[in-house]
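Asker: Show me the folded form of this:
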Amino acid sequence: MAKIVVIGGTGLIGSKVVSKLQAFGHEAVAASPNSGVNAVTGEGLAEALAGADVVVDVSNSPSFAPQDVMDFFVAGTTNLLAAEKAAGVKHHVALTIVGTQPGVNAYFDAKVAQEKLIRDSGVPYSLVHATQFFEFVGAIADISVVDGAVRLPGGLVQPIAAEDVATAVADTAANRHAVGDIEIAGPEAFGLDEWVRRALAFRHDAREVIRDDSALYYGGPISERTLVPFDGDAWIFETRLDEWLPANPPRA
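Answerer: Model (predicted):
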């Protein structure tokens, strides 16, 4: 049995990761500001990481403003890696994004910075690069409304269920061996506009979805393959859109 500390352990992915690790028989500790552990300020890190074998970071910035998101991931990762070294942690697992590269948008820039800190730290690591979550389809539609219609580019997306993301992260942490970079994705690729159009239609949302390849994705442009795995080695999960939608009605 290993002690595995999950930073962001009370969130959408983190709570699922903690439950899965506990089911595997590990001592999984959910660490978040609510439990007195704040990676951005460093509060509570030393105490939480005492005796830890593995640290999982699935935390996310509460603000997507460009400077806020950069500050969150740089400060949090810097403090976390330093605390891991002091505690003798043997494996750092971080959840990140498929397609991370500079210049896509501010969030991707921040994740690129986070990944570089991890790679350069000397702490053995695994980076789990996930495609976009099914759970965010409604939010993507909402932020893409222009003059009453949803305008989205047709670049490909291969969305994945949060439950499957948590499975990948928990499995990577439980195996306790650093593997470098992993890509995970769902089984189906759609144009970003098509994915949102199908989801809104299923939910009887009457908003029109228009393909507009000049439209931005979270504030930045994407190409046809920015949001899908780079090669054929991705870990592909089985949950399909037509399975996920009936089980996940939109939040009130």
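Asker: Do I have it right that residue 12 meets residue 162?
Answerer: Yes - between residue 12 and residue 162 there is a contact under C-beta atoms under 8 Å: 5.6 Å. In this view, the C-beta of every residue, glycine as well, is placed from N, C-alpha and C.
Asker: So which of those two has more stuff around it?
Answerer: A direct count of neighbours by other C-beta atoms under 10 Å for residue 12 and residue 162 places residue 162 higher, at 20 against 15.
Asker: Isn't the more buried one up against residue 131?
Answerer: No - taking contacts as C-beta under 8 Å, residue 162 lies outside contact range of residue 131: 11.6 Å.
Asker: okay, and the common contacts of residue 12 and residue 162?
Answerer: The overlap between the contact sets of residue 12 and residue 162 (C-beta atoms under 8 Å, 6 or more residues apart in numbering) consists of residue 135.
Asker: For the longest helix seen in the chain, what is the distance to the chain centroid?
Answerer: Identified as the longest helix of the chain according to DSSP state H is helix 66-87. Relative to the chain's own centre, helix 66-87 is displaced by 16 Å; criterion: C-alpha atoms, centre = their mean, to the nearest Å.
Asker: Buried ones in that helix, by neighbour count?
Answerer: Under the neighbour-count criterion of 16 or more other C-beta atoms under 10 Å, helix 66-87 has 69-70, 72-74, 76-81, 83-84, 87 buried.
Asker: go on, stretch 97-104?
Answerer: 97-100, 104.
Asker: all helices of this protein, in order?
Answerer: Counting by DSSP H, the helices of the chain are 12-23, 45-49, 66-87, 106-120, 137-143, 162-175, 192-202, 241-247.
Asker: Can you lay out those helices as TSV showing distance to residue 6?
Answerer: Formatted as TSV, these follow (distance: least, C-beta to C-beta, whole Å):
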stretch	distance to residue 6
helix 12-23	5
helix 45-49	10
helix 66-87	12
helix 106-120	16
helix 137-143	23
helix 162-175	8
helix 192-202	29
helix 241-247	24
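Asker: between those helices, which one is nearest to residue 184?
Answerer: helix 162-175 (4.7 Å; C-beta to C-beta).
Asker: Show me where the protein dips below the pLDDT cut-off.
Answerer: Low-confidence segments of the chain (pLDDT under 70): 252.
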